[in-house]
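Asker: After the sequence you'll find the predicted model.
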Amino acid sequence: MMDSRLVLLAPGDNCVVAAQPLAAGTSVEIDGARLTVRAAIGTGHKLARRAIAAGETVFKYGAAIGHATAPVAIAEHLHTHNLASDWIPTVLEPAARARG
Amino acid sequence: MTAAADDTLVLAGYPRADGRKGIRNVVAVAYLVECAHHVAREVVAHFRDLEPAVHLIGFPGCYPNDYADRMMRRLCTHPNVGAVLLVSLGCESFRRRDLEEHIAASGRPVSTLVIQETGGTRKTIAQGREWAAWAQEQLALQQSVPMRIGELIVGTVCGGSDGTSGITANPAMGLAFDRLIAAGAACIFEETGELIGCEQHMQKRARTPELGAAIVACVAKAARYYSTMGHGSFAVGNADGGLTTIEEKSLGAYAKSGASPIAGLLQPGDIPAAGGLYLLDVVPDGEPRFGFPNISDNAEIVELIACGSHVVLFSTGRGSVVGSAISPVIKVCANPETYRKLEDDMDIDAGRILEGRATLQQVGDEVFARVVDCARGAATRSEEMGHQEFILTYKSFDAAQPAGPLCFPIAAR
């Protein structure tokens, strides 16, 4: 079962998308498992659907969206701090980078 | 609704000599160099909120550029434009006589004011207002005639994308595209720099193998170009909204194209000869020369309009407020939180999908219905608030690209 606050875009994806803001400490259900969101996650942001190893490809919409740059735990926020493009690096202002 | 039923819907068009019809009847005032911008803007300012609308367009550069030349020809003879006033300083390189002749040959009233010959700012503004008022009177006499969906060209763009865009607004617009195309319309999606990673899938959707190969090459060109620029088509706000990589943003953007076969590849100013789905290649050919392909969303919107788009569907997650000169912009808001903050600027609340208050299909049908209303004369939110953004800058494309005729069967439109 998938939490109604999370959107799984394709069956084989290893990430899901938050359909509403999730505060730190929120309990969510991913594939039947009860998990706690450790840091606040905004609408439209991604969470790991399962543990992802550094270097592993991340899939969304059933397609590759880049690779993990660090090990990612299940239900952890997947963003610029642990996911990078396989094409053109994402360039952000320092403030945005700090926010991850 | 079936495609046959959609095809019986009656829109309101202003007939033009080239056989196309406009859903607006705009007097365009065009400055031909930045030095004439203020004078042209002062002419236009006099007509704010008056109908028929008077819009400001123009090209700021003093150096000649074939792309800008072609864009200005297409924009000044766009079906939504009924008359054109050109405002020149006098010493710029723009080929104003060629442009004036081209517009006159299209059957539109046209006049050129050269500031250096007219006697400066004040006199040119006065003469410009006088001519624009006369042109308004002429256009006000024109009656609209029935127009079919199959005579429409619809463009799509996204701006201020976030993690919701690819889930709500973009796929809903894709459904609307499919329905418009089924009823015979030509629909254009664009920004090959935001289709990086989608090229293999697009290749499979191409009507011919030659077109498929051309699409793959055109995305590779975009990836190369943006890599040279050192920055993908990706802004800080995209990341704040949950998008992490350019390929992720691309996949979301790609959903705008719907599921129809891809009929052809266009370059800015190419007008689709028949209905169907077209990809607009916005990235210049050759080595990067003039900077980023499109410096902001409105540069893309202007290119979609130069390809004949009567109306542009604009998907936004973070919340863009822009409209455009010449063609109305329908804003589809992907993010429900953004909609609540910027409701006045949004035509459609696609974020309802995320909160379980509407289905993708319902929002897709709503986008389609809004296009029909707009093509019957109803003002969009950005039109109501007087948005008429316009940007045209330098670009270069290889001359006589065979992409159009090579890639799609030409049929009478």
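Answerer: Structure's in. What do you need? This structure is a prediction, so every number in the text was calculated from the model and none was measured.

Asker: Let me know the secondary structure of the closest residue to B:Gly237 other than its chain neighbours.
Answerer: Leaving aside its sequence neighbours, B:Gly237 sits nearest to B:Arg318 (CB to CB, 6 or more residues apart in numbering or on different chains; 4.6 Å). C-beta here means a position set from N, CA and C on the backbone, and glycine is covered the same way. Recorded secondary structure, B:Arg318: coil (DSSP: H, G, I helix; E, B strand; the rest coil).

Asker: shouldn't B:Arg318 be in contact with B:Thr164?
Answerer: No - between B:Arg318 and B:Thr164 no contact is recorded; they are 9.6 Å apart, counting by CB atoms under 8 Å.

Asker: okay, and the common contacts of these two?
Answerer: B:Gly241, B:Asn335 (CB atoms under 8 Å, 6 or more residues apart in numbering or on different chains).

Asker: out of those two, which sits in the busier spot?
Answerer: Between B:Arg318 and B:Thr164, counted using other CB atoms under 10 Å in any protein chain shown, the more crowded position is B:Thr164 (34 against 22).

Asker: Could I get the pLDDT score of the more buried one?
Answerer: Predicted confidence (pLDDT) for B:Thr164: 96.

Asker: still on that earlier bit, residues in contact with the residue nearest to B:Gly237?
Answerer: By CB under 8 Å, 6+ apart, the neighbours of B:Arg318 are B:Gly160, B:Ser161, B:Asp162, B:Gly237, B:Asn238, B:Asp240, B:Gly241, B:Asn335, B:Thr338.

Asker: what about residue 42, how many neighbours?
Answerer: I'll assume chain A. Residues within reach of A:Gly42, counting by other CB under 10 Å, total 18.

Asker: um, chain B though
Answerer: 19.

Asker: Next up, the contacts around it.
Answerer: B:Glu42 touches B:Thr121, B:Ile125, B:Gly128, counting by CB under 8 Å, 6+ apart.

Asker: On the three-state scheme, it is what?
Answerer: Per three-state DSSP, B:Glu42 ends up helix.

Asker: roughly how far apart are it and B:Gln388?
Answerer: Distance of B:Glu42 to B:Gln388, computed by CB to CB, to the nearest Å: 15 Å.

Asker: Spell out the secondary structure type for A:Arg34.
Answerer: A:Arg34 - assigned by three-state DSSP - is strand.

Asker: Skip the chain neighbours and tell me the closest residue to it.
Answerer: A:Ser27 (6.0 Å).

Asker: How much space separates the one you found from A:Asp13?
Answerer: Distance from A:Ser27 to A:Asp13, by CB to CB: 21 Å.

Asker: ok, those two, which is more surrounded?
Answerer: Legend: neighbour count by other CB under 10 Å for A:Ser27 and A:Asp13, higher for A:Asp13 (20 against 11).

Asker: For the residue of the stretch 151-300 of chain B found nearest chain A, give me its contacts.
Answerer: Residue nearest to chain A within the stretch 151-300 of chain B: B:Gly163 (2.4 Å; CB to the nearest CB). Contact analysis of B:Gly163 by CB under 8 Å, 6+ apart lists A:Val17, A:Ala18, A:Gly42, A:Thr43, A:Gly44, A:His45, A:Lys46, B:Gly241, B:Gly242, B:Leu243, B:Gly252, B:Gly317.

Asker: tell me which of these is nearest to B:Thr168?
Answerer: B:Gly317 (8.5 Å; CB to CB).

Asker: thought B:Gln361 was touching B:Leu175?
Answerer: Yes - counting by CB under 8 Å, B:Leu175 is a contact partner of B:Gln361 at 6.5 Å.

Asker: was I right about the residue nearest to A:Arg34 contacting A:Arg5?
Answerer: No - assessed by CB under 8 Å, A:Ser27 is found out of contact with A:Arg5, at 10.5 Å.

Asker: how many neighbours does A:Ala39 have?
Answerer: 11.

Asker: no, scratch that, I was asking about B:Pro336
Answerer: If we define neighbours as other CB under 10 Å, then B:Pro336 has 20 of them.

Asker: pLDDT at A:Ala98, what is it?
Answerer: Taking A:Ala98 on its own, its pLDDT is 40.

Asker: ugh, typo on my part, it should be B:Glu247
Answerer: 89.

Asker: Same check on the one 10 residues further on?
Answerer: Here, the pLDDT recorded for B:Ser257 equals 95.

Asker: Could you find the closest non-adjacent residue to it?
Answerer: B:Phe189 (4.4 Å).
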